[in-house]
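1. Task: produce atomic coordinates for the following.
(2 chains)
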2 protein chains.
Amino acid sequence: MKQKIIDPWGSGLLEDYEKIIKDFGLEIFDSKLFPQPNRIMRRNVVFAGRDLKIIADAIKHRKEYYVLSGIMPSNEKIHFGTKMVVENIKYFQEHGAQTYILVADLEAASTRGVTLEEARKRALDFHIPAYVALGLDVKKTVFYFQSENKEVMNNAYEFAKKITLNEFEAIYGSADPGKIMAAMTQVADILYPQFKERMPGIIPVGVDQDPHIRLTRDIVRRFKERKFFLPAGLYHKYTPSLDGDIKMSKSKPESCIELPEDIKSVKRKIKNALSGGRDTLNEHRKLGAVIEKDMIFELMKQHIVEDDNELNKIYRNYKSGEMTSGELKEIASSMMEEFMNNFTRNIGQARKHIDKLNFVKFK
Amino acid sequence: MKQKIIDPWGSGLLEDYEKIIKDFGLEIFDSKLFPQPNRIMRRNVVFAGRDLKIIADAIKHRKEYYVLSGIMPSNEKIHFGTKMVVENIKYFQEHGAQTYILVADLEAASTRGVTLEEARKRALDFHIPAYVALGLDVKKTVFYFQSENKEVMNNAYEFAKKITLNEFEAIYGSADPGKIMAAMTQVADILYPQFKERMPGIIPVGVDQDPHIRLTRDIVRRFKERKFFLPAGLYHKYTPSLDGDIKMSKSKPESCIELPEDIKSVKRKIKNALSGGRDTLNEHRKLGAVIEKDMIFELMKQHIVEDDNELNKIYRNYKSGEMTSGELKEIASSMMEEFMNNFTRNIGQARKHIDKLNFVKFK
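-> Okay, here's the model as predicted:
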């Protein structure tokens, strides 16, 4: 079992993810399921799913299916988790999926108190351009704002009848009016592409977002007469905090890199990150790095080094002690600088063409 | 205190209403507050309110204000409580109020599982025509469906952020996802006429609907930057069950008259209703009726006899024993027959002109 989700470069966090798979009844992700798996699929950063065979089948037989994700415009930045979601969307988009990106402005209002106007502004000014900068094909992507999508809102009310407060609390751990309204609306978002025509769909998320998928699947099962397909889920691991914690979080700013972020600050954080290097150079040369503990290697594996051969080479050199932790961090810093520069430039480009995106026109 | 809400014809339910006034901090209704009070105001069937002076002031000084109510299209009939709401709306409409009637189709969906389509059909086919039949001036009334009113839905999400689950449960006694969504949407409905222009408004309701008004007032207070006026409330008593219980309810069909209802069945129910007549005719002539116990007299007072002098005459004759319970019931039956005939005919008329009503056009 452990071997199945282990990856060649180690993550040091295996047991947590095994527990998640078991607790929530997920399928273990096998990258052989999909053709030309992307970087995070190949490296088992994508580690679990629900109903993935249905999606694999749709890809194989060129059936209609969709991929969908939401933008939560409550922050001014995105994080590596968002980047992985976009990479997975891009993957399915390139493999025949109809692509939907919604702006969760109602969720921002009901759970964070962000006004709809402010949420709209942030989404147009930053989040949507950032998604485009990360590689979405805008010609093939349909965008909408929750607050404009009457059908989504209407369905949220119909779905709400299908679940009790206790059930909601069991799924989410807690409940309040704003959270409930946001969650019911997410269910409607997830099913929105099926309103006109029933078809399978996949929702790529960080595993902490699984409650939305479980809620949606529960409601689909209870609303048999609507004949929705159960949405499939695809789950990626967290990008670990630079100090070794399971998840990068803004609550520890020195261990968290945001997108975009000033490159000086990124370099400083990389420099101070938890390393797998040994205490002395002699020791390092002799014993090699403890790669499972190295957060910068993990970052490179998840996000920076695209080519598997290149990553393997770094892995071997670092593991053997030939490459020092300082050298590894130098490479990471330089690649990150290039990434941030590209990202910022691409956001600027995308922002210029924001009015040409394919927004759903509502009556 | 007791004298203040007592009416000349007695209700036998005074203490309950006194307790409600005290528990919920209502104002005792004084019919002298408003010009030309209607039948249920004059007879203290309307017994309490919130912020009524602001409305009296708006009437007096011809300021802008509004009256609003919702149609819940989950049933096939309405009841006497609805009739009172419409009578109060009509009163304010005749005294300068902008008038809004919304169809709570989202509430029907989220709390009763009625589809939006079915709710729409019922509202157009019966509820709206019934409201018109009860005397609304359609030229001066604005109608809308919740499910079409994006602004109402959007605001419901913003309002949801302002209240916790505990607070919700404290107001409503319980909570579930459908109820929460319906309640937040009602808050938005109640404030909808103020979205464009802030002004006072009054919501006439049965006292069991006060939670919606309390929730709205709480949210207005917490959302100071929106500068809404606190909505005023106007509360009427229940029409008692024909067997003497505090409220007519479909759960006891033989003690409940619906609108409309077949006149034969109405007459049978009147005949079997709890009476204030004495056991023998001799006794009745000698002691007179116990009017406080007479549910048919109460029904006549609340709904059937428009003219105060006529009611007073019936009261005196019945109280003195000159009129028997049978005679009273005969009069009631005959007046009820006339009412039901008019009501049914007027619904038919109104139904023909449903497309000419003033529905809000949404973008």
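
2. Please report the distance of residue A:181 from residue B:195.
-> The span separating residue A:181 from residue B:195 equals 19 Å under the rule CB to CB, to the nearest Å. The way it works is simple: take the backbone N, C-alpha and C, and place the C-beta from them, glycine included.

3. Neighbour count: those two, which is higher?
-> Per other CB atoms under 10 Å in any protein chain shown, whichever of residue A:181 and residue B:195 has more neighbours is residue A:181, with 30 against 15.

4. so who does the more buried one touch?
-> A:106, A:110, A:156, B:156, B:157, B:160, B:180, B:181, B:184 (CB atoms under 8 Å, 6 or more residues apart in numbering or on different chains).

5. do the same with residue A:71
-> Neighbours of residue A:71 in contact, by CB under 8 Å, 6+ apart: A:101, A:102, A:103, A:104, A:123, A:127, A:128, A:131.

6. which parts of the stretch 51-200 of chain A sit against chain B?
-> Remark: the part of the stretch 51-200 of chain A in contact with chain B comprises A:106-107, A:109-113, A:115-116, A:147-148, A:150, A:153-154, A:156-158, A:160-161, A:163-165, A:168, A:175-178, A:180-182, A:184-185, using CB under 8 Å from any CB of the partner chain.

7. From those, list just the buried residues.
-> Buried by 16 or more other CB atoms under 10 Å in any protein chain shown: A:106-107, A:109-112, A:116, A:147-148, A:150, A:153-154, A:156-158, A:160-161, A:163, A:165, A:168, A:175-178, A:180-182, A:184-185, out of these.

8. Chain neighbours aside, what residue packs nearest to residue A:199?
-> Nearest residue to residue A:199 in three dimensions, chain neighbours excluded: residue A:64, at 4.5 Å (CB to CB, 6 or more residues apart in numbering or on different chains).

9. Surely that neighbour touches residue A:197?
-> Yes: counting by CB atoms under 8 Å, residue A:64 touches residue A:197, with 7.2 Å between them.

10. Between those two, which is the more surrounded one?
-> Counting neighbours by other CB under 10 Å for residue A:64 and for residue A:197 shows that residue A:64 has the greater number, 14 against 9.

11. In three-state terms, how would the more buried one be classified?
-> Local secondary structure at residue A:64 is given as coil here, using DSSP: H, G, I helix; E, B strand; the rest coil.

12. so what's it scoring on pLDDT?
-> For residue A:64, the model assigns a pLDDT of 98.

13. Report the separation between it and chain B.
-> Relative to chain B, residue A:64 is positioned 26 Å away (criterion: CB to the nearest CB, to the nearest Å).

14. just the helices in the stretch 101-250 of chain A please.
-> Counting by DSSP state H, counting those that start in this stretch, the segments of the stretch 101-250 of chain A that form helices are A:105-112, A:116-122, A:128-133, A:150-160, A:165-172, A:177-191, A:210-222.

15. TSV for these, including distance to residue B:76?
-> Rendered in TSV, the data for the helices of the stretch 101-250 of chain A read as follows (distance: least, CB to CB, whole Å):
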stretch	distance to residue B:76
helix A:105-112	33
helix A:116-122	37
helix A:128-133	47
helix A:150-160	20
helix A:165-172	29
helix A:177-191	28
helix A:210-222	26
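
16. Setting aside sequence neighbours, what's the nearest residue to residue A:261?
-> Once chain neighbours are set aside, the closest to residue A:261 by CB to CB, 6+ apart is residue A:340, at 6.8 Å.

17. Helix or strand: which one has the residue nearest the centre of chain A?
-> When chain A is reduced to its mean C-alpha position, the closest residue under CA atoms, centre = their mean turns out to be residue A:85, at 2.9 Å. In this structure, residue A:85 is located in helix A:80-94 according to DSSP states H and E.

18. same for that helix, what does it pack against?
-> The elements that helix A:80-94 packs onto, with contact taken as 3 or more CB pairs under 8 Å, 6 or more residues apart in numbering or on different chains; DSSP states H and E, are helix A:39-42, strand A:66-71, strand A:98-103, strand A:201-206, strand A:232-236.

19. So which of the ones you listed is the most surrounded?
-> strand A:232-236 (a mean of 26; mean count of other CB atoms under 10 Å in any protein chain shown).

20. in the helix or strand that comes right after that strand, what counts as buried?
-> Of the helices and strands lying after strand A:232-236 in sequence (DSSP H and E), the nearest is helix A:263-272. Neighbour-count burial for helix A:263-272 flags A:263, A:266, A:267, A:269, A:270 (criterion: 16+ other CB under 10 Å).

21. Would you reformat the residues you listed as TSV and include distance to chain B?
-> Listed next are the buried residues of helix A:263-272 as TSV, based on distance: CB to the nearest CB, whole Å:
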residue	distance to chain B
A:263	36
A:266	34
A:267	39
A:269	33
A:270	38
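
22. How confident is the prediction for the residue nearest to residue A:254 when sequence neighbours are not counted, by pLDDT?
-> Excluding its sequence neighbours, the residue lying closest to residue A:254 (CB to CB, 6+ apart) is residue A:269, at 6.0 Å. Note on residue A:269: pLDDT of 98.
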